[in-house]
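Student: Prediction below, plus the sequence it came from.
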Amino acid sequence: MQIIIEIKNKITKLILKNGSQKLDELIFAVGENISEKLLSNFDALLKKNKLTLEDIDNVEVKTDLGDTFTSRRIAEAMKNAFDWTRKNKSQKI
């Protein structure tokens, strides 16, 4: 399964997909509290669908924002943290 973080036209969507099939979607406005909303909605999407992080194979970011926008950077940081966690899960830190 995959979660897509889509930020376009000041709207954020978290899209849960299994292959090409869209299973669920959460939509919220982008604001100054994007990190709080993004994390809490990510968690809500998982809980709503009775999933854990281990059920998600990857996270993808799609946005129409430039590289300098904070909202994009926060979404990319979340994706990178997810990727790092998946890669290093079996390793002891």
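Tutor: Alright, I've got the coordinates.

Student: CA only for contacts and neighbour counts going forward, please
Tutor: Fine.

Student: residue ranges of the strands in this protein, please?
Tutor: 2-8, 11-18, 21-29, 58-63 (DSSP state E).

Student: now these in JSON lines, with mean neighbour count, distance to Lys47 and mean pLDDT?
Tutor: Listed next are the strands of the chain as JSON lines, based on neighbours: other C-alpha atoms under 10 Å; distance: least, C-alpha to C-alpha, whole Å; pLDDT from 0 to 100:
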{"stretch": "strand 2-8", "mean neighbour count": "20", "distance to Lys47": "13", "mean pLDDT": "92"}
{"stretch": "strand 11-18", "mean neighbour count": "19", "distance to Lys47": "12", "mean pLDDT": "93"}
{"stretch": "strand 21-29", "mean neighbour count": "13", "distance to Lys47": "12", "mean pLDDT": "92"}
{"stretch": "strand 58-63", "mean neighbour count": "16", "distance to Lys47": "16", "mean pLDDT": "91"}
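
Student: Quick check: buried residues in the lengthiest helix in the chain?
Tutor: Counting residues, the longest helix found in the chain (DSSP state H) is helix 70-88. Using 16 or more other C-alpha atoms under 10 Å as the test for burial, helix 70-88 gives 71-72, 75-76, 78-79, 82.

Student: And for that helix, what's in contact with it?
Tutor: 5, 7, 30, 34-35, 38, 58-61, 63, 65-67 (C-alpha atoms under 8 Å, 6 or more residues apart in numbering).

Student: That one vs strand 11-18, what angle?
Tutor: 30 degrees (axes from the mean of the first three to the mean of the last three C-alpha atoms, to 10 degrees).

Student: okay, helix 70-88 in PDB with CA atoms only?
Tutor: Taking Å, rounded to 0.1, in the frame of the first residue of the first chain, the C-alpha atoms of helix 70-88 are listed here in PDB:
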ATOM      1  CA  THR A  70       7.600  25.300   3.900                       C
ATOM      2  CA  SER A  71       4.600  23.000   3.300                       C
ATOM      3  CA  ARG A  72       6.500  21.200   0.600                       C
ATOM      4  CA  ARG A  73       9.600  20.800   2.900                       C
ATOM      5  CA  ILE A  74       7.500  19.400   5.700                       C
ATOM      6  CA  ALA A  75       5.800  16.900   3.400                       C
ATOM      7  CA  GLU A  76       9.200  15.900   2.000                       C
ATOM      8  CA  ALA A  77      10.700  15.600   5.500                       C
ATOM      9  CA  MET A  78       7.800  13.300   6.500                       C
ATOM     10  CA  LYS A  79       8.400  11.100   3.500                       C
ATOM     11  CA  ASN A  80      12.100  11.000   4.200                       C
ATOM     12  CA  ALA A  81      11.600  10.100   7.800                       C
ATOM     13  CA  PHE A  82       9.200   7.300   6.700                       C
ATOM     14  CA  ASP A  83      11.800   6.000   4.100                       C
ATOM     15  CA  TRP A  84      14.600   6.100   6.700                       C
ATOM     16  CA  THR A  85      12.500   4.300   9.300                       C
ATOM     17  CA  ARG A  86      11.600   1.500   6.800                       C
ATOM     18  CA  LYS A  87      15.200   1.200   5.700                       C
ATOM     19  CA  ASN A  88      16.600   1.000   9.200                       C
END
